[in-house]
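**Q** Fold the following, please.
(chains A, B and C)
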Amino acid sequence: MNAVRLTENFFTRDVLTVAPELIGKVLVRQFPDGKAIKTIITEVEAYKGIDDLACHASKGKTPRNEVMFMNGGLIYVYLIYGMYWMLNFVTATPENPQAVLIRGIHDCSGPGRLTRKLEIDKSFYGENLCLSDRIWVEDFGLSLSYSKSARIGVDYAGPFWAKVPWRFFAEETVVEKIVNSVNFPTMLG
DNA sequence: GGGACGATTGAA
DNA sequence: TCAATCGTCCCA
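**A** Residues are numbered from 1 along each chain as shown, chains lettered A, B, ... in the order given. Predicted structure coming up:
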């Protein structure tokens, strides 16, 4: 299987283009002890700039979200409910503060669960996915069909923004089928 | 300085 | 249905 690491030009596009294209891409986490996890991204959500009332950037630039106001390809991490780190990929360009929330990977559903498994915390804030030696994304040429739905847990944003179908996810059966057909390991490492 | 709240999760 | 748990942000 040939794999190509995603570069800046992948991430500096609109979030509604980048988010669905991340389904089927492979997230790589390299640990200090030499071990690694390579896992297929199966669920994401798009947060689209200052107009999107569910997007943190709609509240204006703050110390917490300032990385969203930088270039695509950086990582935005924040703590939610005092317990869970949320992993986001910044997209587009500084004048367009957007991000993709990574909500699910193969064999690990849930944004808080996957950051625990991948040992991702505040120290990853601002990490560059195109340069980092501990986290990046690869294209293995896998193609997964995906479904859309409203985003999860954003009712506070009001009926319009809570309902836009900006959650993208591959059905469980689709993921299993691809994993089996290409003999992609559950967790390479 | 005080208080409300959250892009969640796991247990009752 | 509900508690856990704390950084962030707004108001005074």
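**Q** Which parts of chain A are helices?
**A** Assigned by DSSP state H, the helices in chain A fall at A:8-11, A:15-22, A:111-117, A:159-163, A:172-181.
**Q** I'd guessed residue A:93 sits against residue A:14; true?
**A** No: counting by CB atoms under 8 Å, residue A:93 does not reach residue A:14; the two are 9.9 Å apart. No exception for glycine: its C-beta is placed from N, CA and C like everyone else's.
**Q** do you know how far the residue nearest the centre of chain A is from DNA strand C?
**A** When chain A is reduced to its mean C-alpha position, the closest residue under CA atoms, centre = their mean turns out to be residue A:102, at 3.1 Å. Taking CB to the nearest atom of the strand, to the nearest Å as the criterion, residue A:102 is separated from DNA strand C by 19 Å.
**Q** number of nearby residues for the spatially closest residue to that residue that is not a sequence neighbour?
**A** Nearest-residue entry for residue A:102: residue A:87, 4.6 Å, with adjacent residues in sequence omitted and distances by CB to CB, 6 or more residues apart in numbering. Residues lying near residue A:87 (other CB atoms under 10 Å) number 24.
**Q** is it true that residue A:87 touches residue A:114?
**A** Yes: at 7.0 Å, residue A:87 and residue A:114 qualify as touching, with contact defined as CB under 8 Å.
**Q** Overlap of the contact sets of those two?
**A** Jointly contacting residue A:87 and residue A:114 under the rule CB atoms under 8 Å, 6 or more residues apart in numbering are residue A:102.
**Q** Which elements pack onto the longest strand along chain A?
**A** Ranked by number of residues, the top strand in chain A under DSSP state E is strand A:36-48. Using 3 or more CB pairs under 8 Å, 6 or more residues apart in numbering; DSSP states H and E as the contact criterion, the elements in contact with strand A:36-48 are helix A:15-22, strand A:26-30, strand A:98-105, strand A:108-109, strand A:167-169, helix A:172-181.
**Q** what is the orientation angle of the longest one with strand A:36-48?
**A** Between the direction of helix A:172-181 and that of strand A:36-48, the angle (axes from the mean of the first three to the mean of the last three CA atoms, to 10 degrees) works out to 140 degrees.
**Q** Same check on the second one?
**A** Compare the direction of strand A:26-30 with that of strand A:36-48 by the same axes, to 10 degrees and you get 120 degrees.
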